[in-house]
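Participant: Next come a sequence and a model predicted from it.
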Amino acid sequence: MKVIIVGGVAGGATAAARIRRLDEQAEIIVFERSGYISYANCGLPYYIGGVIENPEDLTLQTPDSFLSRFNIQMKVHHEVTAIHPDRKTVSVKNLVTGEAFEENYDKLLLSPGAKPVRPNLPGMESSKLFTLRTVEDSFRIKDFINKAAPKSAVMVGGGFIGLEVAENLRESGIDVTIVQRPKQLMNPFDSDIVAFIHAEMRKHGVKLALGYSVEGFEEKDGGIDVLLKDSAPIHTDMVILAIGITPESTLAKDAGIALGIKGSILVNDRMETSIHDIYAVGDAVQVKHYVTGEDALIALAGPANKQGRIAADNICGCNSRYLGSQGSSVLKIFDITAASTGINETNARKSGLDVDTVILSPMSHANYYPGGKLMTIKVIFEKETYRLLGAQIVGYEGVDKRIDVLATAIHAGMKATQLKDLDLSYAPPYSSAKDPVNMAGFMIDNIANGLLKQWHLEDADKLPRDGSVTLLDTRTVGEYRRGHIEGFINIPVDDLRDRLYEIEKGKPVYVICQSGLRSYIAVRILEGNGYEAYNFSGGFRFYDAVTNDRALIESSYACGMDK
């Protein structure tokens, strides 16, 4: 059997090695148009920032190492220019010598990846404008920084690459501004949770121009102007575009392979395309979202590696299936960690799901053990069924552990109420006897059993201030004085039983505290004394962070820039 693989990196290189492990006699050839067959593209921003000093550390495997260990021919600087399914050949061009030839195959695997979006805007040809997708891209950016010593940079786009590059440039002493058309960074997160990401970026001096549309670029005064719609341009020394990617599907399209959303390659759960003996994996393919079952494009290294293994299994006669992508991800942002899995509340509602959420702010480990830090957890679940849909966490140590537990629970089809039953490891330096994931389960179980009724951030401005309801803040007097929501009276939770006479019966009571715990205790006291009470999801800390962030975005948009 002769297998040709188009493209290396996560999907193609993984498939090549798996095929060899399954079939020692197969002839395997990988064509890669760049100079690198298997590299850590997730590490590219950290090379630009100097965290990874040696460029050779980015290379996971070389053509020589693949040949010696796996007996696989890795041909770099070779571009496949056409597929001929009728005669089962591909046209190849050697980009170094210019030689063109055809290579036959029994099985063909496409792993072309995706390319950065380059909008048709004026000034895109500027030598001061960069994209980041390949090792060569990172070398160009690093070389520019070393030679031109830029003092400022504009990052257009606020996704994974945008934030990682922004952090690394800022840590290198470069002033950074992120320009983003949506009024938030990191679309996998809801706008409330992303407030903590915005705060961390601002804390480290990254300016945020959210809600701005870029209309072009113009080299001027030794630098480059980023032209914005309805706003003054931003003058900077360099620009990096990271506004998204599009599937590299031209080869597939020209060969007559069926395409899916946004021109992606359509595959079944065996990673087979519409043409027999041709498979496809990675960022170029359409997948099913594991939670919603909807068609999706999810460009992450983990799914690409799994798809490469599954395609290899099926090429070798096994029967492996890809169950879908869940979108689990984690990101370092200066001193904090942000992670998500499944779908967020925004997309769940867009999908027509009737959802509820819990928001909690537990410590990373036992309160009495030194060094614990707060994290903010949001868990999304379906009403009535309590199907677990997604989660987002922002915090410090322990974020990755909790998101992986929640991702596993979603994959296992657990109900959100079952999170309380998970038997998770505990020692004071690492967790609490009631792990944060268990705590989320306790809260959702209380909702299911009618012990907890919630009100949410979006309800805050809608609550009547005409006396028809009671608005109650159960924090200490000092906490209340340092900031509170207008219209809320203050009765500390420890004084509540003695001051119930101050709360008129027959009116709903909406309760808040700093994190949600004391207010929940207050709700149980009130309910036990004949009141109808609702607990605020997230606490005043959460409310304050989100409302301040939204005010900053709106004021900076009105004034022309995030200060």
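Facilitator: Structure's in. What do you need? Residues are numbered from 1 along each chain as shown.
Participant: how about the helix ranked longest in the chain: buried residues?
Facilitator: The residue-count maximum for a helix in the chain (DSSP state H) belongs to helix 539-559. Going by neighbour count (16 or more other Cβ atoms under 10 Å), the buried part of helix 539-559 is 539-547, 549-550, 552-553, 556-557. Where you see a C-beta, it was placed from the backbone N, CA and C, and this is true even at glycine.
Participant: what's the answer for stretch 369-378, then?
Facilitator: 372, 375-378.
Participant: how about the helices in the protein?
Facilitator: 9-22, 44-48, 63-70, 135-148, 160-171, 194-203, 250-254, 301-315, 345-350, 399-411, 436-448, 477-481, 517-528, 539-559.
Participant: on that earlier part again, with the buried residues of helix 539-559 in mind, which one is nearest to residue 359?
Facilitator: Top of the list for closeness to residue 359, among those and by Cβ to Cβ, is residue 542 at 5.9 Å.
Participant: returning to what we had before: pull the most distant pair out of the buried residues of helix 539-559.
Facilitator: Pairwise over the buried residues of helix 539-559, using Cβ to Cβ, the maximum falls at 539 and 557, 27.5 Å.
Participant: and stretch 295-308, which residues are buried?
Facilitator: By neighbour count on 16+ other Cβ under 10 Å, the buried set for stretch 295-308 is 296-301, 303-308.
Participant: What is the least confident helix or strand in this structure?
Facilitator: For the chain, using mean pLDDT, DSSP states H and E, the weakest element among its helices and strands is strand 38-39, scoring a mean of 62.
Participant: Quick check: which ranges of the stretch 451-563 of the chain have low pLDDT?
Facilitator: Low-confidence segments of the stretch 451-563 of the chain, defined by pLDDT under 70: 557-563.
Participant: can you do 50?
Facilitator: 563 (pLDDT under 50).
Participant: Residue 461: how many residues sit nearby?
Facilitator: 9 (other Cβ atoms under 10 Å).
Participant: er, residue 219 I mean
Facilitator: 14.
Participant: Do I have it right that it meets residue 125?
Facilitator: No - counting by Cβ atoms under 8 Å, residue 125 is not a contact partner of residue 219; they are 9.7 Å apart.
Participant: what's the closest residue to residue 175 other than its chain neighbours in contact with, if anything?
Facilitator: In space, and not counting its chain neighbours, residue 175 is closest to residue 152: 4.3 Å by Cβ to Cβ, 6 or more residues apart in numbering. Contacts for residue 152 (Cβ atoms under 8 Å, 6 or more residues apart in numbering) come out as 174-177, 223, 235-238.
Participant: how about the nearest residue to residue 171 once chain neighbours are set aside, what does it touch?
Facilitator: Of all residues not flanking residue 171 in the chain, residue 49 sits nearest, at 5.5 Å (Cβ to Cβ, 6+ apart). Residue 49 is in contact with 165, 167-169, 171-172, counting by Cβ under 8 Å, 6+ apart.
Participant: what do you get for residue 227?
Facilitator: Contacts of residue 227 (Cβ under 8 Å, 6+ apart): 122-123, 214-218, 233.
Participant: between the residues you listed, which is nearest residue 292?
Facilitator: Nearest member of those to residue 292, counting by Cβ to Cβ, is residue 214, at 31.0 Å.
Participant: what's the distance between residue 366 and residue 126?
Facilitator: Distance check for residue 366 against residue 126: by Cβ to Cβ, to the nearest Å, it reads 54 Å.
Participant: Out of the contacts of residue 227, list just those in strands.
Facilitator: The strands, defined by DSSP state E, take in 214-218 from the contacts of residue 227.
Participant: Just the pLDDT at residue 67, thanks.
Facilitator: On pLDDT, residue 67 comes in at 82.
Participant: for residue 57, same thing?
Facilitator: For residue 57, the predicted pLDDT is 69.
Participant: same thing with residue 265?
Facilitator: 97.
Participant: what about it, how many neighbours?
Facilitator: Counted with other Cβ under 10 Å, residues neighbouring residue 265 total 27.
Participant: now it, nearest residue through space, not along the chain?
Facilitator: Leaving aside its sequence neighbours, residue 265 sits nearest to residue 280 (Cβ to Cβ, 6+ apart; 4.3 Å).
Participant: repeat for residue 313
Facilitator: Nearest one to residue 313, counting by Cβ to Cβ, 6+ apart, is residue 320 at 3.8 Å.
Participant: right, and that neighbour touches residue 309 too?
Facilitator: Yes - counting by Cβ under 8 Å, residue 309 is a contact partner of residue 320 at 7.3 Å.
Participant: Pick out whichever of these two has more residues nearby.
Facilitator: Using other Cβ under 10 Å as the criterion, residue 320 and residue 309 rank with residue 309 on top: 21 against 17.
Participant: Which residue is the nearest non-sequential neighbour of that one?
Facilitator: Of all residues not flanking residue 309 in the chain, residue 18 sits nearest, at 5.0 Å (Cβ to Cβ, 6+ apart).
Participant: circling back: what separates the residue nearest to residue 171 from residue 9, distance-wise?
Facilitator: Applying Cβ to Cβ, the value for residue 49 to residue 9 is 21 Å.
Participant: Poorly predicted segments of this protein, please.
Facilitator: 563.
Participant: hmm, what's the outermost residue in it?
Facilitator: residue 501 (48.6 Å; Cα atoms, centre = their mean).
Participant: Can you get me a residue count around residue 495?
Facilitator: Residues within reach of residue 495, counting by other Cβ under 10 Å, total 14.
Participant: show me what contacts it?
Facilitator: The neighbourhood of residue 495, defined by Cβ under 8 Å, 6+ apart, contains no residues.
Participant: ok so, going back, can I have the buried ones of the contacts of residue 227 as a PyMOL selection?
Facilitator: A single PyMOL command selects the buried members of the contacts of residue 227 (16+ other Cβ under 10 Å):
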select buried, resi 123+214+215+216+217+233
